[in-house]
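> What follows is a protein structure lacking sequence information:
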């Protein structure tokens, strides 16, 4: 005749056999394995430690299996509890016909598909900001896709306004874009621009969602899109026209506009690397401009250059020209 199964209970309420056996273990210091088998709950709760490794291993395996099973039961209970709420939420979205205000697209193919889909429905205006690194790394097939999308919008009577970083004024890819499309197109440049931004009919916007630009965030929230449009408009008014009328600001006092931009960042204490990154140029070119600026102002050190920039008034000339 087999022994009755040991009753299930928690640590906070030991069974009578376990209580009696644990009391004996405390007084005697140890008990035999056969005695411990009469109250397996003491081993399960860690109140007794077996001296045989095999017994300990079996206990650990059983304990782990019980924990996994309990977690699965817990997941099932949570799913059952929240299923009605999730169903109600899905039904509300379908009934209202609302479009998600934020959506993440992963991978260049999916990002281009999403942009093409939105631009196909654009009828009035397309706003874009292209920093140096995004315009120079665009794949040829993506350029062809951009040309086709732009021209289709222009053919529908739409308008395109694009902001580039100043270093792209003479980039072949940028120049070819305006040689190929025909319609209401304008382009301007700034020394510094934001990360890439696309806005369609002032209703949908796309921005990068990670530094590698392999993720894009599609924004349809009206307040967020309005904010991005305001940023674009303010940068647009500060920018120098590039197309259709190229208007390069003249140099004043042998200091070029690019050197004045570098001078402003030098005064703020930026390093050569930071200046190059913000102005979309390589470090070597930035240092060449800094050297020319130092030679023009007669500076012999970095500290002296900052002082001479402030004394020369070239930054005030920049404010006046704007």
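Structure's in. What do you need? Since this is a predicted model, take the numbers as computed values, not measurements.

> Tell me if residue 269 really is in a strand.
No. Residue 269 is assigned coil when assessed by DSSP: H, G, I helix; E, B strand; the rest coil, not a strand.

> That one and residue 313, how far apart?
Distance, residue 269 to residue 313, using CB to CB, to the nearest Å: 20 Å. Just so you know, the C-beta spots here come from the backbone N, C-alpha and C atoms, and that holds for glycine as well.

> quick one: the strands in this protein?
Counting by DSSP state E, the chain has strands at residues 102-106, 125-130, 159-165, 184-190, 197-200, 204-208, 215-219, 240-243.

> on that earlier part again, tell me which of residue 269 and residue 313 has more neighbours.
Using other CB atoms under 10 Å as the criterion, residue 269 and residue 313 rank with residue 313 on top: 12 against 8.

> Next one, pLDDT for the more buried one please.
Per-residue confidence at residue 313 stands at 75 (pLDDT).

> who touches it in this structure?
Going by CB atoms under 8 Å, 6 or more residues apart in numbering, residue 313 touches no other residue.

> Now it, what are its backbone angles?
The phi/psi pair for residue 313 (degrees, to the nearest 10) reads phi 80, psi 10.

> what's the spacing between it and residue 304?
Using CB to CB, residue 313 is found at 16 Å from residue 304.

> do residue 161 as well
42 Å.

> which of the two has more neighbours?
Legend: neighbour count by other CB under 10 Å for residue 161 and residue 304, higher for residue 161 (19 against 13).

> The strands of the chain: which one's closest to residue 178?
Proximity to residue 178 (CB to CB) singles out strand 240-243 among the strands of the chain, at 4.8 Å.

> What is the closest one packed up against?
If you count contacts as 3 or more CB pairs under 8 Å, 6 or more residues apart in numbering; DSSP states H and E, strand 240-243 packs onto strand 184-190.

> What lies in contact with the strand it packs on?
Strand 184-190 has contacts (CB under 8 Å, 6+ apart) with 150, 154, 158-166, 168-169, 174, 178, 235-236, 238-244.

> again, only this time at 6 Å
Applying CB atoms under 6 Å, 6 or more residues apart in numbering, the contact partners of strand 184-190 are 159-164, 166, 169, 239-243.

> Greatest separation within those: which pair is it?
Spatially, the most separated pair among these is 159 and 166, at 22.8 Å (CB to CB).

> When the two are compared, which one has more neighbours?
A direct count of neighbours by other CB under 10 Å for residue 159 and residue 166 places residue 166 higher, at 22 against 14.

> hang on, isn't the more buried one packed against residue 193?
No. Using CB atoms under 6 Å, residue 166 makes no contact with residue 193, being 8.7 Å away.

> Contacts only, for residue 164.
130, 189.

> repeat that for 10 Å
Residue 164 is in contact with 128-132, 134-135, 171, 174, 187-190, 193, 239, 242-243, 280, counting by CB atoms under 10 Å, 6 or more residues apart in numbering.
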